[in-house]
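Peer 1: Sequence first, then the predicted structure:
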Amino acid sequence: MLNWKVVSFSLGSFIAISFTLCMIWGLFMPEAEQMYPFWEQILPGFKWISWLDFIIGFVGSFIYGIYAGIVYVPIHNFFNKRLSK
């Protein structure tokens with residue numbers, strides 16, 4: 001059985017760190033190789049890039065990760081309980 005807090009905060013941290021690495025990547029790569037158009041589509045209020053936009057994107061990506069954990073853990077635990085007998 002998975003603990004929803006551990007999984008949710010792990011996923012939130014993973015996505016927030018990935019967001020940060022994408023922003024760093026975008027500062028050094030040509031426009032054709034940047035990820036910011038993707039983040040602009042999935043994170044409300046995020047635009048490329050100021051400190052406020054970075055904070056909005058970082059918090060938003062962390063919240064998406066927490067949401068994924070909150071949804072995933074009960075599904076995993078349900079199937080784990082039913083199918084691992």
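Peer 2: Done, it's in. Numbers count the residues shown, from 1 in each chain.
Peer 1: Can you find the helix or strand of the protein with the lowest average pLDDT?
Peer 2: Here the helix or strand of the chain ranked lowest by mean pLDDT, DSSP states H and E is helix 36-42, holding a mean of 83.
Peer 1: That one: which residues count as buried?
Peer 2: For helix 36-42, burial by neighbour count (16 or more other CB atoms under 10 Å) applies to 36, 39. C-beta here means a position set from N, CA and C on the backbone, and glycine is covered the same way.
Peer 1: again, but for stretch 18-26
Peer 2: In stretch 18-26, counting by 16+ other CB under 10 Å, buried: 19, 22-23, 26.
Peer 1: Strands along this protein, start to end?
Peer 2: Here the chain has no strands by DSSP state E.
Peer 1: Name the spans of it whose pLDDT lies under the cut-off.
Peer 2: Within the chain, the set of residues satisfying pLDDT under 70 is empty.
Peer 1: centroid residue for it?
Peer 2: residue 15 (3.0 Å; CA atoms, centre = their mean).
Peer 1: tally of neighbours for residue 33?
Peer 2: When neighbours are defined as other CB atoms under 10 Å, residue 33 has 9 of them.
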